[in-house]
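[1] this one's sequence-less:
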């Protein structure tokens with residue numbers, strides 16, 4: 001392999017998913033974050049169900065069904081609710097082993113959402129998946145949103161933004177745990193150049209009950 005890097009085992013990942021992930025649901029506590037230099041405060045919680053693991057010629061696919069709730073308070077007043085949204089979505093993970101490098105890369109595709117009255121934050125969006133590793137019964141990867149998403153601001157307007165997140169799935173105390181840390185970027189829709197957004201997101205952890 002180029003650079004002498006060891007090949008990532010798709011079969012090992014599939015075995016881990018079959019034994020520990022598929023058919024299970026994880027639930028998060030509220031994650032808090034700041035918007036616009038702290039003028040607004042937000043909270044986010046979700047549950048994620050993993051399903052439909054299917055083998056392909058070079059890899060595998062699986063589904064992620066999410067139920068999330070987001071609240072935004074402000075400006076400057078943590079008791080004033082300016083947004084309260086519950087969203088049901090379905091995503092498709094697609095992984096393939098690359099012959100040239102032995103690496104496993106993939107895509108996370110948005111499939112459908114319960115929100116029809118406002119622009120969905122994930123409508124027509126895809127994330128590239130890379131940095132896939134599995135070690136000591138822990139699966140890790142990086143998701144990088146392609147192009148940009150419709151990110152609703154606290155004042156009800158929308159901005160083109162993209163997220164990069166480092167994610168993992170592992171067993172802890174006999175229960176499935178999914179976690180990630182994310183960074184948000186403002187995207188120039190013409191050049192697709194990115195600048196770090198003035199938003200802070202706490203690390204996200206969801207666990208099986």
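    Noted; the coordinates are in hand. Predicted model only: the values in this text are computed from it and were never measured.
[2] the worst-scoring helix or strand of the chain on mean pLDDT pairs with which strands?
    Using mean pLDDT, DSSP states H and E, strand 31-35 stands out as the lowest-scoring helix or strand of the chain, at a mean of 74. Partners of strand 31-35 in the sheet, by DSSP bridges, are strand 40-55 (antiparallel), strand 199-201 (antiparallel).
[3] in the last one, what's buried?
    This points to strand 199-201. 199, 201 (16 or more other Cβ atoms under 10 Å). (C-beta placed from N, C-alpha, C; glycine too.)
[4] re the thing from before, going by neighbour count, which residues in the least confident helix or strand of the chain are buried?
    Buried residues in strand 31-35, counting neighbours by 16+ other Cβ under 10 Å, are found at 31, 33, 34, 35.
[5] circling back to that earlier point, going by mean pLDDT, which of the strands paired with strand 31-35 comes out lowest?
    Across the strands paired with strand 31-35, strand 199-201 has the smallest mean pLDDT, namely a mean of 77.
[6] what is the distance between it and the centre of its chain?
    Between the centre of strand 199-201 and the centre of its chain there are 15 Å (Cα atoms, centre = their mean, to the nearest Å).
[7] just to revisit the earlier point, could I get the strands paired with strand 31-35 as TSV with distance to residue 190?
    Below are these laid out as TSV (distance: least, Cβ to Cβ, whole Å):
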stretch	distance to residue 190
strand 40-55	27
strand 199-201	22
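[8] do you know which of those strands lies nearest residue 129?
    strand 40-55 (14.9 Å; Cβ to Cβ).
[9] need the next SSE after the closest one, C-terminal direction.
    strand 59-73 (DSSP states H and E).
[10] that next one pairs with which strands, parallel or anti?
    Partner strands for strand 59-73, per DSSP bridges, with pairing direction: strand 40-55 (antiparallel), strand 81-97 (antiparallel).
[11] low pLDDT regions in the protein?
    Scanning the chain for pLDDT under 70 picks out 1-6, 36-38, 115-122, 154-155.
[12] just the strands in it please.
    Applying DSSP state E to the chain gives strands spanning 25-28, 31-35, 40-55, 59-73, 81-97, 104-113, 126-135, 138-145, 149-152, 158-172, 175-187, 194-196, 199-201, 204-208.
[13] out of those, deepest packed?
    Per-stretch averages of neighbours, counted by mean count of other Cβ atoms under 10 Å, single out strand 149-152 among those, with a mean of 20.
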